[in-house]
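J.: quick one, fold the following:
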Amino acid sequence: MGKPLRVLIVEDSEDDALLLVFELRNANYSPIFKRVESFDGMKIALEGERWDLVISDYVVPGFGGLEALKLVRQCGLDLPFIIVSGKIGEGTAISAMKEGANDYLIKGYFSRLVPAIEREIQEAEVRRRRREAEAALARSERRYKRLVSAVTDYIYTVTIKDGTVLKTSHGPGCLPVTGYRSEDYQKNPLLWYQMIYEEDRAAVTSLTDQICSGKDIPSLEHRIRHQDGSIRWVINTIVPRYNDQGKLTAYDGLISDITERKRAEESLRLQSAALQAAANAIVITDRHGVIIWVNQAFTRMTGYQEEEAQGRDLDFLNSAVLAPECYPEHRAAMEAGKVWQGEHFNRRKDGTLYPVEQTITPVADDGGVIRHFICINQEISERKLAERAMMENTRILKEMEIAKQIQMSLLPPSPPRIPGIDCAGRCLPATHLGGDYYDFFPHGDRLDLVIADVSGHSVGAALIMVETRSVLRAKLHSLHTPGQVVSALNDLLYDDLTRAELLITMTYLSLDRKGGRLRYVNAGHPPSLLYRPATSSFEELDAEGLILGVRKGIPFDESTVQTKRGDLLLLYTDGLVEAEGKGGELFGTERLRDLLAAHHNRSAAEILTAVVDEVHRFSGTTSLQDDTSLFLIKFL
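T.: Numbers count the residues shown, from 1 in each chain. As a prediction, this is how the structure comes out:
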């Protein structure tokens, strides 16, 4: 029986393939072969079976020898690849060899076929053995590196004569622990001493004195400086050797690297210190919820000492304020391996209740089995109080906002439309509610104007402002002059102003629209400004008069002024001119006059907008310190 040989033939001619098989059988082979003639067929054959070599025609319709060679190499197979062709030039053959073909033959001339196959199969076997040897060497090197890196112990020997160290020798395991080889210690007898961490040298070198004096010495933990500069912890265990006369001649030492253990101990120490120093109460329980550890914050919060809490179920703190079915919810979540978080009431040792925000986290072992729970309790009494205060403030602010809307609705919704007059008004409360008020009252050919300021900008000031408006509107039909109106207001409001400890400043004006004559009364209010563009001049409309609410029965002097076409009349409260800039400077009347002069050609509403924008820019805020109201009339 011939030698077995598995051959994949890439050939479109079945006769040519059988001819190749015939040659192999004549050469004492028992070939197992498959003929393919397409990319897909060859790929299936390579992936599904094992082959010893590939023989491929150079030219196959739709799938040539170079494509077949490329597919073999893409599959990662190191198979001998021989090209046969009915006609192939020397250049084509060389190109095929460069692409990775192992040999080429001419169809019909197969005298070189068997030698080429035997040669390539032998070389493939040599390459396979070399790859296996290289892989084995790499595995051996990796295994050696793992073994060396895992070594944390080594033995050293110190030779002593007459109490003096003669030499030290260190075992091969010293390299991974110290970074130095045994030869390094032979070359430098002081290397071991130099390697000991400076702060630990005295403790280590004293071991020799203790051994020489015959004392039994325990193992010593100390630090060394590794060759790479890092600090390592080791445990040094020493066994002395004596001669027949009982004299110390040497001692052997076992060095074990305990750096990881020390790091773990330090980490545990820091974690423990952090847990003890935490402001929140921290409790660790077993899987059944039985307390095994608490921190100091727990004692401060609950009044229970650690020994009083250990061994008790965590639920002993429950206050029973909530429904009983609420408490098992967190246990069900924890048993499912989920983090539970919620708020409830606990009971202190003295019986008082306190709200807590609780987070319970399950801790599982490497197998995923829950072994412990960590419970963090944060007392939220202050937060609850703050939340209630915030809700109360929100409610108050909402009510104040409603009150503000009501108060603003009492002001004129829009300026009156009167031929020959363009007017506009604005009110800017310092808070939700203010004490400023302005209004106008048309009476045929007469137009009355009022602007007032109740001291303060609180709810009381707002209420007095509403009362002033109500009294004024109720009495206006029976009073005819500004002096009569203001005098009557003073008497009617006096008692209420006195009880409320408030005062009112007011300017009241009455305009004869036909003649343009203006009569006015001033009760301690900032004088209105009359700007005359024709002469670029200003007049302050001031008159003698006490603030409302000082005393009853006082008269108010009336003054008159003639208005002209193009004049501007501005009524305002003191919050406008007393607005402070960033440096504490007041806005003042000069800036106000400049604005009126600069914008007098614009409409009344546009002029007021320019004034308000400039005040906000000057003060650097849209919220002024005092209530501010403005009313502007432009005589057309």
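
J.: how about the strands of the stretch 301-450 of the chain, start to end?
T.: Using DSSP state E, counting those that start in this stretch, the strands found in the stretch 301-450 of the chain span residues 340-347, 353-364, 370-379, 421-428, 436-443, 446-454.

J.: winner for burial among the ones you listed?
T.: Comparing the strands of the stretch 301-450 of the chain on average neighbours per residue, with mean count of other CB atoms under 10 Å, the densest one is strand 446-454 at a mean of 24. Glycine gets a C-beta too; all of them are placed from N, C-alpha and C.

J.: quick one: list the elements packing against the next helix or strand along the chain from that one.
T.: Read in the C-terminal direction, the helix or strand following strand 446-454 is helix 459-475, with elements assigned using DSSP states H and E. Counting contacts by 3 or more CB pairs under 8 Å, 6 or more residues apart in numbering; DSSP states H and E, the secondary-structure elements packed against helix 459-475 are helix 381-410, strand 436-443, strand 446-454, helix 482-500.

J.: which one of these has the lowest average pLDDT?
T.: Summarising mean pLDDT across these, the least confident stretch is helix 381-410, with a mean of 69.

J.: surely Val486 touches Val521?
T.: Yes. Using CB atoms under 8 Å, Val486 and Val521 qualify as a contacting pair, with a distance of 4.8 Å.

J.: so what sits against both of the two?
T.: Here Val486 and Val521 share the contacting residues 506, 508, 545, 556, scored by CB atoms under 8 Å, 6 or more residues apart in numbering.

J.: out of those, which sit inside helices?
T.: Helix and strand membership here follows DSSP state H; of the shared contacts of Val486 and Val521, not one is in helices.

J.: just among these, which is most surrounded?
T.: When neighbours are taken as other CB atoms under 10 Å, the top entry among the shared contacts of Val486 and Val521 is Tyr508 (29 neighbours).

J.: which pLDDT value goes with it?
T.: In the predicted model, Tyr508 carries a pLDDT score of 93.

J.: got a markdown table for the strands of the stretch 301-450 of the chain, with distance to Met42 too?
T.: Putting those into a markdown table (distance: least, CB to CB, whole Å) gives the following:
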| stretch | distance to Met42 |
| --- | --- |
| strand 340-347 | 62 |
| strand 353-364 | 53 |
| strand 370-379 | 56 |
| strand 421-428 | 90 |
| strand 436-443 | 97 |
| strand 446-454 | 102 |
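
J.: wait, which of these is closest to Thr621?
T.: Judged by CB to CB, the one of these that comes nearest to Thr621 is strand 421-428, at 11.5 Å.

J.: burial count for Gly351?
T.: 8.

J.: separation between it and Gln210?
T.: For Gly351, the distance to Gln210 (CB to CB, to the nearest Å) stands at 61 Å.

J.: please apply the same query to Cys174.
T.: 24 Å.

J.: so which of these two has more stuff around it?
T.: A side-by-side neighbour count of Cys174 and Gln210, using other CB under 10 Å, places Cys174 first with 22 against 13.

J.: relative to Asp496, how far out is that one?
T.: Distance, Cys174 to Asp496, using CB to CB: 100 Å.

J.: what do you get for Thr621?
T.: Shown here: Thr621 relative to Asp496, a distance of 33 Å by CB to CB.

J.: ditto for Lys3
T.: The span separating Lys3 from Asp496 equals 127 Å under the rule CB to CB.

J.: again, but for Leu275
T.: For Leu275, the distance to Asp496 equals 65 Å [CB to CB].

J.: run through the chain and note the low-pLDDT ranges.
T.: 1, 87-90, 108, 140-152, 319-331, 333-335, 394-410, 431-434, 457-458 (pLDDT under 70).

J.: who does the lengthiest helix in it touch, helix- and strand-wise?
T.: The longest helix of the chain (DSSP H) is helix 113-150. Packed against helix 113-150 by the contact rule (3+ CB pairs under 8 Å, 6+ apart) you find helix 14-26, strand 53-57, strand 81-85, strand 103-106, helix 174-178.

J.: could you dump these to CSV with distance to Thr535?
T.: CSV is the format used below for the helices and strands packed on helix 113-150 (distance: least, CB to CB, whole Å):
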stretch, distance to Thr535
helix 14-26, 122
strand 53-57, 114
strand 81-85, 113
strand 103-106, 117
helix 174-178, 102
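
J.: which one of these lies nearest to Val611?
T.: Of all the helices and strands packed on helix 113-150, helix 174-178 sits nearest to Val611, with 84.4 Å by CB to CB.

J.: what's the first helix or strand after that closest one?
T.: Towards the C-terminus, the helix or strand next in line after helix 174-178, according to DSSP H and E, is helix 182-187.

J.: which elements pack onto that next one?
T.: Using 3+ CB pairs under 8 Å, 6+ apart as the contact criterion, the elements in contact with helix 182-187 are strand 164-170, helix 191-195.

J.: who touches the first one?
T.: By that I understand strand 164-170. The contact list for strand 164-170, computed with CB under 8 Å, 6+ apart, reads 154, 156-160, 178, 180, 182, 185-186, 189, 192, 208.

J.: how about stretch 527-545?
T.: Where contact means CB under 8 Å, 6+ apart, the residues beyond stretch 527-545 that reach it are 451, 486, 507, 509, 518, 520-524, 554, 556-559, 561, 563-564, 566-572, 589, 592-593, 596-597, 600.

J.: endpoints of it, how far apart?
T.: Counting by CA to CA, to the nearest Å, the length from the leading to the trailing residue of stretch 527-545 is 12 Å.

J.: so how far is stretch 120-136 from its chain's centroid?
T.: Using CA atoms, centre = their mean, to the nearest Å, the distance from the centre of stretch 120-136 to the centre of the chain it belongs to is 57 Å.

J.: what residues of it count as buried?
T.: For stretch 120-136, the buried set under the neighbour-count rule, 16 or more other CB atoms under 10 Å, comprises 120-121, 124.

J.: and stretch 261-271, by the same measure?
T.: Of all the residues in stretch 261-271, those buried under the rule 16+ other CB under 10 Å are Lys262.

J.: count the neighbours of Ile282 for me.
T.: Per other CB under 10 Å, the neighbour tally for Ile282 reads 19.

J.: now swap in Leu509 and tell me
T.: For Leu509, the tally of surrounding residues (other CB under 10 Å) stands at 24.

J.: go ahead and confirm it touches Asn522.
T.: No. Counting by CB under 8 Å, Leu509 stays clear of Asn522, with 9.4 Å between them.

J.: ok, residues contacting stretch 550-560?
T.: When contacts are defined by CB under 8 Å, 6+ apart, stretch 550-560 is touched by residues 481-483, 486-487, 490-491, 494, 503, 517-521, 523, 541-546.

J.: please redo it, this time with the cut-off set to 10 Å
T.: 481-487, 489-495, 497-498, 503-504, 506, 508-510, 512, 517-524, 541-546, 548 (CB atoms under 10 Å, 6 or more residues apart in numbering).

J.: which among the residues you listed end up buried?
T.: Under a neighbour-count criterion of 16+ other CB under 10 Å, the subset of those counted as buried comprises 482-487, 489-490, 492-494, 497, 503-504, 506, 508-510, 518-524, 541, 543, 545-546, 548.

J.: would you mind measuring from Ser629 to Lys247?
T.: Here the criterion is CB to CB. By it, Ser629 lies 111 Å from Lys247.

J.: between these two, who's got more neighbours?
T.: Neighbours per residue, other CB under 10 Å: of Ser629 and Lys247, the larger number sits with Ser629, 24 against 12.

J.: bridging residues for that one?
T.: Judged by DSSP bridges, the bridge partners of Ser629 are Cys427.

J.: against Gly173, how distant is it?
T.: Relative to Gly173, Ser629 is positioned 93 Å away (CB to CB).

J.: go on, Leu632?
T.: When distances are taken as CB to CB, Leu632 and Gly173 turn out to be 98 Å apart.

J.: between these two, which one's more packed in?
T.: Between Leu632 and Gly173, counted using other CB under 10 Å, the more crowded position is Leu632 (25 against 18).
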